[in-house]
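A.B. asks: Based on what follows, work out the 3D shape:
(chains A, B and C)
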Amino acid sequence: MPVTDYDLAATLCSGQAFRWQPVNGGWESVVHGRWVRLEQNPGISGPIQATTLVRQTEWSWLETYLQTEIQLGSILATFPTDVPLTEAVMACRGLRLLQQDPWECLSGFILSSTKQIVQIRQCVEHLCRRAGRPVTAPAGTPWAFAFPSAVDVAALDESALRECRMGFRAPYLRNAACAVAEGRLDLESLRTLSTEEARVRLMALHGVGRKIADCVLLFAYGRQDAFPADVWILKVLNHLYFPNRKPSPQRLQRFVDTHFGPNAGYAQQYLFHHARVHLGAALAHPPSRPKRSPIRTSR
DNA sequence: TTCCAGGAATCAA
DNA sequence: TTGATTCATGGA
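C.D. replies: Predicted coordinates for the structure are as follows:
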């Protein structure tokens, strides 16, 4: 796949998908039930090469997943020109959003609650090994299981899910699986709803609040106006946009709703990844005197 | 050993 | 409506 401005490595390990494994300079996972290996030639405009073991007659499933047709420049052009976001974009040039399967994405983020990303990954793999269908993969591949369908997960009892190390999240996932398996929640039909309507449907699930709903809307449904506000983003907003101040949650939400434009979710991903990769220590132990100037809000 | 993690539900005030 | 507490687990 020819691409421009596409940083495959950053995209696959930026906390939006949990099953990609770095292997011998490439990345391996199972996407829509197919084992696949991805490699990118050096640079963020090097073509991406995909390998499967089962011959593919067409690749639209992967192009859609990777969003290779998106013109990144047209998205970045809608960003406000403030210093923190500009720095994040420069540091993470080529970072993209994926478009994942809604059920897999919803499950992953139900499991994400107060877990570190590495633990979410472990938990997801336990679940796949326990309930996922085996897929054709190179010999010895330990993650050669599809992500289990809602029906597969609903067939497990809570104790089996707890054995996947998901703790108090087990009943949340099981309830969601039952809702989808029994047709009480039609994840495909959410595509036809407005972002706000779809958010309400997702948040009706026990264990799914605003943040998890926004992750699913952004990473599975391509709703780029959804802005997941997690602990990292709140640290970023406080540290970089409101130094020496303590804005109320309402003020922060209003800022998020109005500042970042129609692709706020994309902006969020840049701020999130930049903070985790480059600003981790600074955010964990913020200096008493902020080094950055207050935000300019012109666009 | 202690802290805390891509939260959300619950309950008291 | 707001703030504190609880939930399970394991990496750092």
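A.B. asks: The helix or strand A:Ile233 falls within: which residues count as buried?
C.D. replies: A:Ile233 is part of helix A:231-236, with elements assigned from DSSP states H and E. By neighbour count on 16 or more other Cβ atoms under 10 Å, the buried set for helix A:231-236 is A:Trp232, A:Ile233, A:Lys235, A:Val236. Backbone N, C-alpha and C define where each C-beta goes, glycine included.
A.B. asks: Same list, those residues, but only the ones touching DNA strand B.
C.D. replies: A:Trp232, A:Ile233 (Cβ under 7 Å from any atom of the strand).
A.B. asks: give the contact list for the residue lying closest to A:Glu125 once chain neighbours are set aside.
C.D. replies: Excluding the flanking residues, the one nearest A:Glu125 by Cβ to Cβ, 6 or more residues apart in numbering is A:Trp143, at 5.9 Å. Contacts for A:Trp143 were tallied using Cβ atoms under 8 Å, 6 or more residues apart in numbering; they are A:Arg19, A:Gln21, A:Glu28, A:Ser29, A:Val30, A:Glu125, A:Cys128, A:Arg129, A:Ala137.
A.B. asks: Report the two of those separated the most.
C.D. replies: A:Glu28 and A:Arg129 (15.5 Å; Cβ to Cβ).
A.B. asks: returning to that earlier point: hang on, the residue nearest to A:Glu125 in a helix?
C.D. replies: No - the assignment for A:Trp143 (DSSP: H, G, I helix; E, B strand; the rest coil) gives coil, which keeps it out of a helix.
A.B. asks: excluding its backbone neighbours, what's nearest A:Leu8?
C.D. replies: Nearest non-adjacent residue to A:Leu8, counting by Cβ to Cβ, 6+ apart: A:Gln40, 4.2 Å away.
A.B. asks: How many residues are close by the one you found?
C.D. replies: Per other Cβ atoms under 10 Å, the neighbour tally for A:Gln40 reads 23.
A.B. asks: list the contacts for the residue of chain A found nearest DNA strand C?
C.D. replies: Residue of chain A nearest DNA strand C, by Cβ to the nearest atom of the strand: A:Gly167 (2.1 Å). Residues counted as contacts of A:Gly167 (Cβ under 8 Å, 6+ apart): none.
A.B. asks: cool, A:Asp157 as well?
C.D. replies: A:Arg174.
A.B. asks: and if you look at A:Arg133?
C.D. replies: A:Gly33, A:Phe145, A:Ala146, A:Pro148, A:Asp152.
A.B. asks: how is chain A carved up into domains?
C.D. replies: The record's domain parsing of chain A by automatic domain parsing lists A:8-91, A:102-219, A:231-284.
A.B. asks: And the last one, how far out from the chain middle?
C.D. replies: Computed by Cα atoms, centre = their mean, to the nearest Å, the chain-centroid distance of domain A:231-284 equals 16 Å.
A.B. asks: Next: stretch A:106-124.
C.D. replies: With Cα atoms, centre = their mean, you get 11 Å for stretch A:106-124.
A.B. asks: And that stretch, end to end?
C.D. replies: Using Cα to Cα, to the nearest Å, one end of stretch A:106-124 lies 12 Å from the other.
A.B. asks: do stretch A:93-108 as well
C.D. replies: 26 Å.
A.B. asks: One more: stretch A:72-80?
C.D. replies: 15 Å.
A.B. asks: That stretch: which residues count as buried?
C.D. replies: A:Leu72, A:Ile75, A:Leu76, A:Phe79, A:Pro80.
A.B. asks: just checking, which of those belong to strands?
C.D. replies: Among these, none falls in strands (DSSP state E).
A.B. asks: Skipping adjacent residues, who's closest to whichever residue of the stretch 1-150 of chain A sits closest to DNA strand B in space?
C.D. replies: Nearest residue of the stretch 1-150 of chain A to DNA strand B: A:Gly15, at 2.6 Å (Cβ to the nearest atom of the strand). What sits nearest to A:Gly15 in space, not counting adjacent residues and going by Cβ to Cβ, 6+ apart, is A:Ile117, at 5.3 Å.
A.B. asks: Kindly report the same for A:Thr86.
C.D. replies: Per Cβ to Cβ, 6+ apart, closest to A:Thr86 is A:Phe79, 7.9 Å.
A.B. asks: sorry, back to before: Serialize the contacts of A:Arg133 to a markdown table and add fields for neighbour count.
C.D. replies: Output for the contacts of A:Arg133, formatted as a markdown table (neighbours: other Cβ atoms under 10 Å):
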| residue | neighbour count |
| --- | --- |
| A:Gly33 | 16 |
| A:Phe145 | 22 |
| A:Ala146 | 19 |
| A:Pro148 | 22 |
| A:Asp152 | 18 |
